[in-house]
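Q: My questions are about this predicted structure, shown below with the sequence.
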Amino acid sequence: MENMQYAEELVREFIVFRGFTNTLQVFERELSTDVGRSFQVDKIIELVFSVYVPKYQADKLVSLLSFFKQCFSSSSDAVLISTLSKLELSILRYYIVHALQTGRQDKVVEFFASNGNYLLQRREEWLPWFAIPYLKNPSLDPQFRVYFSKDWFDALQLSFHNILSEIFNGTRVPTLLKISTEKNTVRRLETDIKQLNQKLSQLQALLETKESEILRLRSIAATVPEICNLQARNSVDSSSHEHTLTDIGNNLLREGCHESTTSNDPHAGARKVANGGDISISANASQDLVVSKSEVSSISLNRVSTIEAKDKDASQMSLSEIRREVMKEDEFPEVSVEFQETFLGHTNPISRCRFSASGTNVASASVDGTVRIWTYGSSTTASRNATIYCGAEIMSLEWECRSDRLLLIGTADGGIKAWNVDAKRVVCDLNTTQEFPSVMDLKCSPVEPIFVSAAASRRNGFSKIDQMGFASLTVWNMKTWKAMATLPLGKDPPAITSLSFNHNGKILAASATDGMIHMFDMSAGLQITGWPAHDSAVSSVLFGPDETSIFSLGSDGKIFEWSLQNQGQVLWSRDCSRFCYPESEKICRHEIALDSNGRRLLVTSGSVRSPIYQVQDHMSAFKTLPHTAAITSVDWHPTLPIFITGSADHSVRVTSVI
């Protein structure tokens with residue numbers, strides 16, 4: 001209750017105004033004790049298990065538990081009252097166990113002496129415990145052994161945390177607190193509006209600059225005939241400059257011919273161009289460059305002619321700068337949008353966002369370790385909305401494939417949490433080995449109640465991929481929540497970055513940081529094939545819609561569609577390296593997402609927009625509506641033409657396209 005302090009100030013102000021000095025003293029005294037800790041779950045957990053129990057403050061512990069029972073004794077929920085009673089019983093038993101473990105039998109005897117009458121009200125549950133301080137080794141006694149185990153203590157803490165969260169979330173908020181909340185909300189909204197207006201002004205100024213640049217380039221292209229005629233008239237007097245112009249034109253034409261002849265090479269990369277720097281050329285974009293080559297030549301001629309008119313200087317613009325100007329004009333058209341909804345619940349860059357199996361719910365995670373479950377659209381119920389605090393950076397999210405009930409969360413400290421959306425609580429908290437603390441990806445089988453986790457060891461590096469060490473692939477049972485098997489990867493295998501199941505869950509594809517794609521037979525638990533797909537690390541992999549092909553995205557920005565019938569054959573490719581800036585890799589691992597028809601491929605971006613490629617079409621592509629920072633995660637709705645984008649600007653957007 002973040003507005004509690006503000007509400008207390010309002011109460012204090014009113015009491016002073018009315019002159020209720022005695023009331024003010026009582027109010028201040030009770031605030032100093034604040035036994036309920038403002039109903040903040042983590043503070044209450046810390047008070048019980050880090051203060052009252054270790055310091056043997058049994059009277060305060062009993063008082064606190066009685067306080068909570070009285071607070072919610074008016075509840076008509078019999079299950080809630082029964083649960084509170086059971087938790088009180090377990091916490092008091094833990095007090096006794098802790099005292100015995102620390103060798104303070106005298107505190108146990110003192111506890112029973114002070115609270116014996118109260119405990120005997122539940123005679124059947126407490127009667128055997130009166131003998132425990134006199135047992136020689138109570139931790140070995142079959143009746144008490146379970147209470148001395150770490151598993152029991154962990155389960156107690158988790159249960160206490162969950163029941164308090166459930167109670168406080170359903171607690172009726174006082175009207176005064178609602179008013180203070182509304183006022184604070186209005187203040188925050190006013191601040192947000194000012195900031196958004198400033199950003200809008202900056203974007204409008206940027207848009208005007210871009211439009212003027214486009215107009216300038218178009219005017220340059222329109223003056224090409226005039227420049228050519230001027231060059232012909234001055235061919236005798238300006239032989240040296242003519243030689244310069246001819247060299248530039250020939251160099252660019254030779255570059256274009258070279259690109260055209262190599263356009264079928266799926267591994268075409270950066271080309272060295274005469275008189276210029278490294279220019280990144282798309283492997284299958286030779287048709288995209290047909291217009292650009294003539295424009296490059298035109299711009300080059302115009303640049304030299306302008307210099308000649310001013311001071312006859314022989315210096316010229318570098319080819320890499322010319323190409324960058326042309327690429328500005330070669331932007332993709334903006335996708336046609338039916339509606340767009342923005343979620344602003346996060347306060348840090350988004351690391352992952354995923355649609356649920358039905359597409360009704362959305363899970364989004366930020367780098368501060370917070371996961372939010374939410375819905376979009378006015379017709380959708382918000383009853384499942386929740387916030388999950390994981391305490392470590394979220395590396396992976398995965399919904400159960402057969403329902404919207406379970407969400408799996410993988411963290412950077414080796415944790416795998418299973419969140420039940422209906423119950424709004426963590427139903428299982430797993431851990432990988434200490435050797436492999438980073439849970440890079442999670443993938444549920446579409447048929448069986450199992451999932452696979454890709455974990456990695458750590459090392460120093462610039463990007464998210466560089467920070468991965470060796471790999472571990474584990475198969476988990478979702479009924480027992482125990483590890484079933486470890487998939488073989490060989491000795492010291494490079495880290496696995498992405499996983500994808502086929503439609504019946506029999507085949508698992510896994511991409512690795514050494515550029516390999518591995519294929520596993522899940523029924524046999526063995527690797528059946530694999531091939532080197534990229535010269536760099538593979539950051540994302542997924543099966544095509546008809547499962548005769550598989551898509552992969554390299555950390556260098558190259559996308560390939562590989563045939564599964566003719567292994568190693570490239571069916572389609574694009575180069576999106578212009579969107580994969582190295583700086584963005586500090587925040588996220590780039591990923592790809594296919595729509596339900598397998599016709600549109602969405603890619604994360606270091607820019608404020610993401611490209612949407614038309615699969616099997618080498619010319620057609622679109623761009624998303626802009627965020628205000630890099631787009632760090634993408635996903636498509638399982639059945640509809642709706643996609644989701646998460647950004648480093650802390651926002652998540654759901655967009656329906658026409």
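A: Perfect, thanks for sending it. Residues are numbered from 1 along each chain as shown.

Q: Would you mind giving the secondary structure of Glu190?
A: Under DSSP: H, G, I helix; E, B strand; the rest coil, Glu190 falls in the helix class.

Q: For the residue nearest to Leu24 when sequence neighbours are not counted, the count of nearby residues, please.
A: Leaving aside its sequence neighbours, Leu24 sits nearest to Ile15 (CB to CB, 6 or more residues apart in numbering; 4.8 Å). For every residue, glycine as well, the C-beta is placed using N, CA and C. For Ile15, the count of nearby residues is 18 (other CB atoms under 10 Å).

Q: try the one 5 residues further on
A: Taking other CB under 10 Å as the criterion, the count of residues near Phe20 is 13.

Q: Next one: it from Arg12, what distance?
A: Going from Phe20 to Arg12 by CB to CB, to the nearest Å gives 10 Å.

Q: Could you give the bridge partners of the residue nearest in space to the middle of the chain?
A: The residue lying closest to the centre of the chain (CA atoms, centre = their mean) is Arg352, at 1.9 Å. On the basis of DSSP bridges, Arg352 takes part in beta bridges with Ala365.

Q: Could I get the contacting residues of it?
A: 363-365, 394-397, 633, 646 (CB atoms under 8 Å, 6 or more residues apart in numbering).

Q: Next one, pLDDT for it please.
A: Looking at Arg352, its pLDDT is 94.

Q: try the one 10 residues further on
A: Looking at Val362, its pLDDT reads 96.

Q: wait, doesn't it sit right on Ile644?
A: Yes - the pair Val362 / Ile644 is scored as a contact, 6.3 Å apart, by CB atoms under 8 Å.

Q: between the two, what contacts are shared?
A: Both Val362 and Ile644 are contacted by 353-355, 652, 654, under the criterion CB under 8 Å, 6+ apart.

Q: In strands, which of the residues you listed fall?
A: When DSSP state E is applied, the shared contacts of Val362 and Ile644 are split such that 353-355, 652, 654 fall in strands.

Q: Which single one of those is nearest to Ala99?
A: Nearest to Ala99 out of these is Arg354 (CB to CB; 46.2 Å).

Q: Might one say that Asp635 is in contact with Ala593?
A: Yes - with contacts counted by CB under 8 Å, Asp635 reaches Ala593, the gap being 5.0 Å.

Q: which residues are in contact with both of those two?
A: Residues within reach of Asp635 and of Ala593 at once, by CB under 8 Å, 6+ apart, are Phe643.

Q: show me what contacts Ser610?
A: 579, 602-604, 623-624, 631, 634, 645.

Q: Select from those every entry located in strands.
A: Using DSSP E, the members of these that fall within strands are 602-603, 623, 631, 634, 645.

Q: Neighbour-wise, which one of those residues leads?
A: Highest neighbour count within the ones in strands among the contacts of Ser610: Ile631, with 29 neighbours (other CB under 10 Å).

Q: thought that residue was touching Phe643?
A: No - between Ile631 and Phe643 there is no contact under CB under 8 Å: 10.8 Å.

Q: Next, show the common contact partners of the two.
A: Common neighbours of Ile631 and Phe643, counting by CB under 8 Å, 6+ apart, are Thr624.

Q: quick one, strands of the stretch 501-650 of the chain?
A: Taking DSSP state E, counting those that start in this stretch as the criterion, the stretch 501-650 of the chain carries its strands at 507-512, 516-521, 526-532, 538-543, 549-554, 558-563, 570-575, 592-594, 600-603, 611-614, 621-623, 631-636, 642-647.

Q: Counting neighbours, what do you get for the nearest residue to Glu435 once chain neighbours are set aside?
A: Excluding the flanking residues, the one nearest Glu435 by CB to CB, 6+ apart is Ser457, at 5.9 Å. For Ser457, the count of nearby residues is 18 (other CB under 10 Å).

Q: And for the one 3 residues further on?
A: Residue neighbour count, defined by other CB under 10 Å, stands at 7 for Asn460.
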